[in-house]
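Chemist: Quick one: sequence plus predicted model below, questions after.
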Amino acid sequence: MTATKSYAVQSATSPLAPFSYNTKEVGPNDVLIDIMYSGVCHSDIHQARNEWGGSSYPMVPGHEILGRISKVGDKVKNFSVGNLAGVGCFIDSCRTCPSCLASEEQYCDNGTVGTYNSIDKQGNPTYGGYATHIVVDENYVLHVSEKLALEGVAPLLCAGITTYSPLKYWKIGKGHNIAIVGLGGLGHMGVKFAASFGAEVTVLSTSASKEQDALKLGAHHFEVTTQPETLKKLKGKFDFILSTISAQHDYNQYLDLLKVNGTMVVVGVPPTPSVVNAFSIIGKRRSLAGSMIGGIKETQEMLDYCAEHQIVSDVEVIKMSQINEAYERVIKSDVRYRFVIEIASLL
Ligand code: NAP
Ligand code: ZN
């Protein structure tokens with residue numbers, strides 16, 4: 001057991017505040033990670049504030065974890081003390097269902113054990129990355145290259161894989177005209193990957209001030225969706241749309257921008273459902289699909305791709321004490337483009 005400092009929320013309406021606990025024992029297959037950086041995902045806010053329902057408290061958020069291994073269990077094969085290590089949104093799964101056997105653990109039939117806001121197989125609550133330490137089974141830990149700027153690597157563990165996975169699954173690349181909706185943590189990674197895969201990328205944003213950044217990130221075009229003329233002009237233009245919008249919005253106005261046979265993949269999870277009009281999909285045989293993070297194997301593939309292509313997240317590094325202010329800025333769509341907590345600021 002390792003004495004751990006963290007920030008936690010005690011209820012849906014309380015701010016994040018200091019919280020101490022002991023990690024679980026390092027079991028034979030576990031590694032102890034001294035956390036260095038932890039990304040701030042909009043999902044942390046949704047869950048801290050119980051916007052999706054089912055949250056339990058105290059909650060230590062954080063599922064974009066980067067650190068160094070300081071202890072390994074007797075049976076650990078693939079990691080040694082001193083190695084960099086990444087942890088994403090889940091730390092265990094049933095390991096026997098078809099999804100787990102296909103290394104798509106995120107779709108485990110029996111439900112994954114979440115990195116936080118979850119109960120592990122021993123019946124204990126899980127606490128996430130806004131903390132100095134975490135103990136994780138090595139099978140759910142990722143290898144990270146020493147060649148990348150480490151603060152920019154942490155967000156790859158959720159924002160990175162959540163955008164990489166659907167772009168790969170729908171085979172997006174050269175010859176595809178695609179749109180990324182919402183230029184936040186997920187959106188900016190979607191732009192980097194889609195551009196790197198060779199697609200023609202348009203950012204659809206509500207924030208006119210993000211245009212120059214979008215182009216620097218690799219987008220070819222930028223459109224402000226709050227101007228009614230924009231959506232009219234873009235009707236039927238895209239082969240594929242990746243929507244990262246975190247708040248209530250009208251799906252139909254984006255579905256209308258797809259070509260015949262086009263697909264819109266939703267990764268953003270607004271707290272309330274949206275009505276989809278049948279006419280938005282039948283007329284042009286359009287598809288509306290969803291995608292959730294990615295499996296361990298694909299997350300490793302994504303991290304290796306990033307090391308090879310020098311891709312990291314664009315981040316604002318903050319101290320732990322700035323976290324409540326950071327949450328407010330994320331909600332105002334004012335993050336450029338991911339907050340990352342320097343965990344040393346907790347010590
Ligand atoms: P974020 O950094 O806050 O980005 C969301 C972006 O959506 C904002 O920056 C803004 O971009 C746009 N937006 C916000 N409100 C909007 C509105 N009312 N209408 C249109 N656009 C709006 O959040 P994030 O961390 O990238 O996460 C995005 C969503 O994905 C969250 O709901 C999160 O829970 C979810 N998520 C899902 C998965 C998954 O596995 N599927 C994984 C991680 C996160 P502009 O300023 O450019 O308009
Ligand atoms: Zn996330």
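Modeler: Everything's here; your move. Ligands and ions are numbered 1, 2, ... in the order given.

Chemist: what's the weakest-modelled helix or strand in the protein?
Modeler: helix 228-233 (a mean of 94; mean pLDDT, DSSP states H and E).

Chemist: Tyr7 looks like it's in a helix, true?
Modeler: No - going by DSSP: H, G, I helix; E, B strand; the rest coil, the assignment for Tyr7 is strand, not a helix.

Chemist: Check it and give its pLDDT.
Modeler: At Tyr7, the pLDDT value in this model is 98.

Chemist: biggest strand in the chain by residues?
Modeler: strand 30-40 (DSSP state E).

Chemist: quick one: strands adjacent to that strand?
Modeler: Paired with strand 30-40 in the same sheet, following DSSP bridges, are strand 65-72 (antiparallel), strand 133-137 (antiparallel), strand 338-342 (antiparallel).

Chemist: Following element in sequence after the first one, please.
Modeler: Okay, so that is strand 65-72. strand 84-87 (DSSP states H and E).

Chemist: What are the contacting residues of that next one?
Modeler: 31, 33, 63, 65-69, 79, 115, 129, 134, 136, 140-146, 150, 153-154, 156-157, 299, 303 (Cβ atoms under 8 Å, 6 or more residues apart in numbering). In this view, the C-beta of every residue, glycine as well, is placed from N, C-alpha and C.

Chemist: Would you list the buried entries among the residues you listed?
Modeler: 31, 33, 63, 65-69, 79, 115, 129, 134, 136, 140-142, 144, 150, 153-154, 156-157, 299, 303 (16 or more other Cβ atoms under 10 Å).

Chemist: before we move on, the earlier item: and of the strands paired with strand 30-40, who's closest to ligand 1?
Modeler: Closest approach to ligand 1 among these is made by strand 338-342 (7.0 Å; Cβ to the nearest ligand atom).

Chemist: Any chance of CSV for the strands paired with strand 30-40, columns distance to Gly218 and mean pLDDT?
Modeler: Conversion of these to CSV gives the following (distance: least, Cβ to Cβ, whole Å; pLDDT from 0 to 100):
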stretch, distance to Gly218, mean pLDDT
strand 65-72, 23, 98
strand 133-137, 32, 98
strand 338-342, 16, 98
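
Chemist: want to try TSV for those strands, with distance to ligand 2 as columns?
Modeler: Formatted as TSV, the strands paired with strand 30-40 follow (distance: least, Cβ to the ion, whole Å):
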stretch	distance to ligand 2
strand 65-72	11
strand 133-137	16
strand 338-342	10
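
Chemist: got the CA coordinates for the lengthiest helix in the chain in PDB?
Modeler: Counting residues, the longest helix found in the chain (DSSP state H) is helix 296-309. Output in PDB follows, covering the C-alpha atoms of helix 296-309 (Å, rounded to 0.1, in the frame of the first residue of the first chain):
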ATOM      1  CA  ILE A 296      -5.200  -2.000 -25.200                       C
ATOM      2  CA  LYS A 297      -3.700  -3.400 -28.400                       C
ATOM      3  CA  GLU A 298      -4.900  -0.500 -30.600                       C
ATOM      4  CA  THR A 299      -3.900   2.100 -27.900                       C
ATOM      5  CA  GLN A 300      -0.400   0.700 -28.000                       C
ATOM      6  CA  GLU A 301      -0.500   0.900 -31.800                       C
ATOM      7  CA  MET A 302      -1.600   4.500 -31.600                       C
ATOM      8  CA  LEU A 303       1.200   5.400 -29.100                       C
ATOM      9  CA  ASP A 304       3.700   3.800 -31.300                       C
ATOM     10  CA  TYR A 305       2.300   5.700 -34.300                       C
ATOM     11  CA  CYS A 306       2.600   8.900 -32.300                       C
ATOM     12  CA  ALA A 307       6.200   8.200 -31.400                       C
ATOM     13  CA  GLU A 308       7.100   7.500 -35.100                       C
ATOM     14  CA  HIS A 309       5.300  10.600 -36.300                       C
END
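
Chemist: what's the offset of it from the middle of its chain?
Modeler: Distance of helix 296-309 from the chain centroid (Cα atoms, centre = their mean, to the nearest Å) equals 14 Å.

Chemist: do stretch 171-180 as well
Modeler: In this view, stretch 171-180 has its centroid 21 Å away from the chain centroid, taken as Cα atoms, centre = their mean.

Chemist: just stretch 189-199 next, same as before
Modeler: Counting by Cα atoms, centre = their mean, stretch 189-199 comes out at 16 Å from the chain centroid.

Chemist: mean confidence score for it?
Modeler: Mean pLDDT, stretch 189-199: 98.

Chemist: Just the C-alphas of the least confident helix or strand of the chain, formatted as CSV.
Modeler: Extracted in CSV, the C-alpha atoms of helix 228-233 (Å, rounded to 0.1, in the frame of the first residue of the first chain):
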residue,chain,number,x,y,z
PRO,A,228,-26.6,29.8,-40.6
GLU,A,229,-25.1,30.3,-44.1
THR,A,230,-22.2,27.9,-43.2
LEU,A,231,-24.4,24.9,-42.7
LYS,A,232,-26.3,25.6,-46.0
LYS,A,233,-23.1,25.9,-47.9
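
Chemist: Quickly check: that helix near ligand 1 or not.
Modeler: No - contact of helix 228-233 with ligand 1 is not found when judged by Cβ under 6 Å from any ligand atom; the minimum separation is 11.8 Å.
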